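Chemist: sequence plus the predicted model coming up.
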Amino acid sequence: MNYFDYMADPHRQCAIVAHRGVWQDAPENSLLSIQRAIDAGFDVVEIDVRRTADGEFVLLHDDTLERVAGLDNEPEQLTLKELTSIALRNRDGGPGNPRTDQKLPSLRQVLELTRDKILIHLDIKHRQVIPEVLAYAKRMGVNRQVDFWADLKTEDDLDWIKANITSKDVPFIARTHLEHDDADEQVDLVFRLKPLICEVSFTDIAQVDAIQQRFHDAGITLWVNTLDGVASPGFNDTSALKDPEAIWGQLLKAGFSAIQTDEMHALRAFLTKTNSTMKRKIATSA
């Protein structure tokens, strides 16, 4: 699979990015949740990556294992063998979810499971670990199937990204914040870098409308996160379930063609309905 070719395809529909896999009846960031994202045919799966005490990599979002496994340990203080023996709680963890037979997976297990089956959005929790994971992905031969992301706010960020990521010719997502006071400077940095994808956050969708043509002309895919708690104001999954046209529909009109969500099935249903409506309009006008 080739991330570059997929994102550059002008005929593809909006990419559905499955946040931590399909975890509604499987532990988040587990092999089962990722397999279910593959089985469902979603385009991209997002996973969280941390480094172990012995220099390996595992999937975990939090700073500790408390939420997903009930253990007050930091993954960086445990070995790969210790971590991959830990049973995960179901769904998004916490004491209300029972333990399962799913164990904390290594990155190697995930890359073998997903090879040539689904694109992978790597959320690497410490920026200094990105070059190590990049080298690891290259050794496993999946460096065109995964992406690497980082904030692009300053000249120092730009220099670091060029030296450590984009110079390696791998898929890269730059994150820019239109809600910040220095939004114009951040946007300028994006167009100087010209990454494959730009993840954009905003306070008003009009901020994106005003610059979407520039991104289109530069061949930069616009990516948005609609996860509750971290989405741009009002543009979250909960609101989208109530009125998908007002949320996902407006995001599509603003030029976004990749959406990271916890409501993958609902987003797919909306995209299918939208596509069918467009085809009917085209047929009628013809």
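Modeler: Alright, I've got the coordinates.

Chemist: phi, psi of the closest residue to residue 49 other than its chain neighbours?
Modeler: Spatial nearest neighbour of residue 49, chain neighbours left out: residue 124 (4.8 Å); criterion: Cβ to Cβ, 6 or more residues apart in numbering. The way it works is simple: take the backbone N, C-alpha and C, and place the C-beta from them, glycine included. The phi/psi pair for residue 124 (degrees, to the nearest 10) reads phi -90, psi 120.

Chemist: which SSE is residue 275 in?
Modeler: helix 264-285 (DSSP states H and E).

Chemist: my guess is the residue nearest to residue 49 contacts residue 133, does it?
Modeler: Yes: counting by Cβ atoms under 8 Å, residue 133 is a contact partner of residue 124 at 5.5 Å.

Chemist: more crowded one of those two?
Modeler: Counted by other Cβ atoms under 10 Å, residue 124 and residue 133 do not tie: residue 124 has more neighbours, with 22 against 17.

Chemist: the more buried one and residue 32: what is the separation?
Modeler: 22 Å (Cβ to Cβ, to the nearest Å).

Chemist: outside of stretch 11-21, which residues touch it?
Modeler: Contacting residues not belonging to stretch 11-21 are listed as 6-7, 28-30, 32-37, 40, 42-48, 61, 121, 223, 227, 252, 256-262, 264, 267-268, 271, 275 [Cβ atoms under 8 Å, 6 or more residues apart in numbering].

Chemist: ditto for stretch 69-88
Modeler: Under the contact criterion Cβ under 8 Å, 6+ apart, stretch 69-88 has outside partners 27, 30, 50-54, 56, 58, 60, 63-66, 68, 89, 93, 95, 99-106, 109.

Chemist: could you turn the buried ones of those residues into a ChimeraX selection?
Modeler: In ChimeraX, this line selects whichever of the contacts of stretch 69-88 come out buried by 16 or more other Cβ atoms under 10 Å:
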select :27,30,50,51,52,56,58,60,65,68,89,93,100,102,103,104,105,106,109
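
Chemist: tell me which of the contacts of stretch 69-88 fall in strands.
Modeler: Mapping these onto strands (DSSP state E) picks out 50-51, 58, 89, 99-103.

Chemist: all strands of the stretch 51-200 of the chain, in order?
Modeler: Counting by DSSP state E, counting those that start in this stretch, the segments of the stretch 51-200 of the chain that form strands are 57-59, 87-89, 99-103, 119-124, 146-151, 172-177, 197-201.

Chemist: name the helices or strands packed onto the first one?
Modeler: It refers to strand 57-59. Judged by 3 or more Cβ pairs under 8 Å, 6 or more residues apart in numbering; DSSP states H and E, strand 57-59 is in contact with strand 44-51, helix 107-114, helix 130-139.

Chemist: enumerate every residue touching the closest residue to residue 220 other than its chain neighbours.
Modeler: Nearest residue to residue 220, sequence neighbours excluded (Cβ to Cβ, 6+ apart): residue 198, at 5.2 Å. Residue 198 is in contact with 173-176, 190, 215, 220-223, counting by Cβ under 8 Å, 6+ apart.

Chemist: try 6 Å
Modeler: Residues near residue 198 by Cβ atoms under 6 Å, 6 or more residues apart in numbering: 174, 176, 190, 220.

Chemist: need the pLDDT of the second one.
Modeler: Taken from the predicted model, the pLDDT recorded for residue 176 is 97.

Chemist: just the one 3 residues further on next, same as before
Modeler: Model confidence at residue 179, given as pLDDT, is 97.

Chemist: just give me the neighbour total for it.
Modeler: The burial count for residue 179: 13, using other Cβ under 10 Å.

Chemist: is it true that it touches residue 205?
Modeler: No: between residue 179 and residue 205 there is no contact, the gap being 11.6 Å when judged by Cβ atoms under 6 Å.

Chemist: number of residues surrounding the closest residue to residue 48 other than its chain neighbours?
Modeler: Nearest non-adjacent residue to residue 48, counting by Cβ to Cβ, 6+ apart: residue 61, 4.0 Å away. Residue neighbour count, defined by other Cβ under 10 Å, stands at 18 for residue 61.

Chemist: tell me how far residue 61 lies from residue 114.
Modeler: Counting by Cβ to Cβ, the gap from residue 61 to residue 114 is 18 Å.
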